[in-house]
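Peer 1: Please find the sequence and the predicted model below.
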Amino acid sequence: MTKPNNQNSPTNRWLRRLIGFCLYSVLLFALVLALDWYRNRLVPESLPVQQLLMDIQRKGHDVQSLSYEGPVLVYFWASWCPVCQLTSPVIDGFNDNYPVVSIALRSGDDKKLHHYMTAKDYHFPVINDQNGLLTEQWQVGVTPTIALVVNGQIVWVTSGLTTSLGLKARIWFYKHFN
């Protein structure tokens, strides 16, 4: 007698779900990388000509100089942006590992931004772009947008919601495939 093939056993169902999850994860990661690649075609490679950027604490930031010391994350966001409210905690966590320079688009005066940062307990530096000129120079059209700058060059840009794992994966991908 032969044993019946029990394809509906709990172990087989669990294994099929795990394989499906892995395949969907790889597909999603490939789709996100393809979208990032497509968006990157529209972004200038070199940094806009700029002077020292002053944050709301009156501390100067030179993105180009910082980028020669290691990767710099430039984060474009707005206090009124609902997706930014999900992305900003991720960026705040990266502030310990990488230099972060954030540019707040049309989010009020310095006092209002300082109050917002304190209320949210964020610690990354904020350059106030009240009139949108910096954002325009960088050719950023949507918030949130995150740019990785290395050696004075914009090496990739992503827009929209991102997770800590997604950001780490993008940095890892850049380091190993560029």
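Peer 2: Structure received. Residues are numbered from 1 along each chain as shown.

Peer 1: The longest helix belonging to the chain - contacts with which helices or strands?
Peer 2: Longest helix in the chain, counting residues (DSSP state H): helix 10-40. Applying 3 or more CB pairs under 8 Å, 6 or more residues apart in numbering; DSSP states H and E, one finds that helix 10-40 contacts strand 153-159, helix 164-177. C-beta here means a position set from N, CA and C on the backbone, and glycine is covered the same way.

Peer 1: 6 Å - rerun?
Peer 2: If contacts are counted by 3 or more CB pairs under 6 Å, 6 or more residues apart in numbering; DSSP states H and E, helix 10-40 sits against strand 153-159.

Peer 1: how far does the longest helix of the chain sit from the chain's center?
Peer 2: How far helix 10-40 lies from its chain's middle: 20 Å, per CA atoms, centre = their mean, to the nearest Å.

Peer 1: Please identify the pairing partners of the helix or strand following that helix and their relative orientation?
Peer 2: Going down the chain from helix 10-40, the next helix or strand is strand 53-54, by DSSP states H and E. Strand 53-54 has its sheet partners listed here by DSSP bridges as strand 60-61 (antiparallel).

Peer 1: Surely residue 104 is in a strand?
Peer 2: Yes: under DSSP: H, G, I helix; E, B strand; the rest coil, residue 104 falls within a strand.

Peer 1: OK, contacts around it?
Peer 2: Shown in contact with residue 104 (CB atoms under 6 Å, 6 or more residues apart in numbering): 113, 126, 128.

Peer 1: Not including adjacent chain positions, what is the nearest residue to it?
Peer 2: Excluding its sequence neighbours, the residue lying closest to residue 104 (CB to CB, 6 or more residues apart in numbering) is residue 126, at 5.2 Å.

Peer 1: confidence score at the residue nearest to the spatial centre of the chain?
Peer 2: For the chain, residue 146 is the residue whose C-alpha lies nearest the centre (CA atoms, centre = their mean; 3.9 Å). pLDDT, residue 146: 93.

Peer 1: Thank you, goodbye.
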